[in-house]
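[1] test case, fold it:
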Amino acid sequence: MRTIIIISLVTTLALLAGASTAHTQQSWVGDYVVTGVNPNGSTYKGTATIRTIVHNTYHVAWQTGTQEYAGFGFVDAKGYLVVGGLDFPLIVSYAPGGSGTWLEPGAPTVATEKLTKQ
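    Below you'll find the predicted structure:
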């Protein structure tokens, strides 16, 4: 049920944000090195893969250590990739260039993350 709600929310947000250009879509697809700082201040490193689902929707798969996460999202009119977690409650927003912030319910602060294309 939670997955259906998240899918509906992200789809609605994508429609409201407007379509992105083909250039923006192509720039996010690929494999990345991920580095970040958790809300508690600890650091992490891993990988992420971004693939196009259809048009302006994307699947994102992260792996940090032994943890695997998945989400999907869209690119807004300003080129930001906005992703909601599929199996965990999280929202992340990446600026063009790969700098991102994410938040999970109950976290004391926003976390930061950087995607570097491989």
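
[2] strands of the chain, start to end?
    Counting by DSSP state E, the chain has these strands, from start to end: 30-37, 43-54, 57-64, 67-75, 81-85, 91-94, 99-103, 111-117.

[3] how about those in CSV, adding mean pLDDT and mean neighbour count?
    C-beta coordinates here come from the backbone N, C-alpha and C atoms, glycine included. Putting the strands of the chain into CSV (pLDDT from 0 to 100; neighbours: other Cβ atoms under 10 Å) gives the following:
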stretch, mean pLDDT, mean neighbour count
strand 30-37, 97, 16
strand 43-54, 96, 14
strand 57-64, 96, 18
strand 67-75, 94, 19
strand 81-85, 94, 22
strand 91-94, 95, 21
strand 99-103, 96, 17
strand 111-117, 97, 18
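
[4] contacting residues for the residue nearest to Thr49 when sequence neighbours are not counted?
    Take Thr49 and drop its neighbours on the chain: the residue closest to it by Cβ to Cβ, 6 or more residues apart in numbering is Ala61, 4.9 Å away. By Cβ atoms under 8 Å, 6 or more residues apart in numbering, the residues touching Ala61 are Ala48, Thr49, Glu68, Tyr69, Ala70.

[5] thought the second one was touching Tyr58?
    In this case it means Thr49. No - in terms of Cβ atoms under 8 Å, Thr49 does not count as a neighbour of Tyr58; the distance is 10.2 Å.

[6] ok, now which ones touch the residue minimising distance to the centre of the chain?
    With distances taken as Cα atoms, centre = their mean, the chain has Val83 as the residue nearest its mean C-alpha position (3.6 Å). Applying Cβ under 8 Å, 6+ apart, we find Val83 in contact with Val10, Tyr58, Val60, Gly71, Phe72, Gly73, Ile91, Val92, Ser93, Tyr94.

[7] nothing else from me, thank you.
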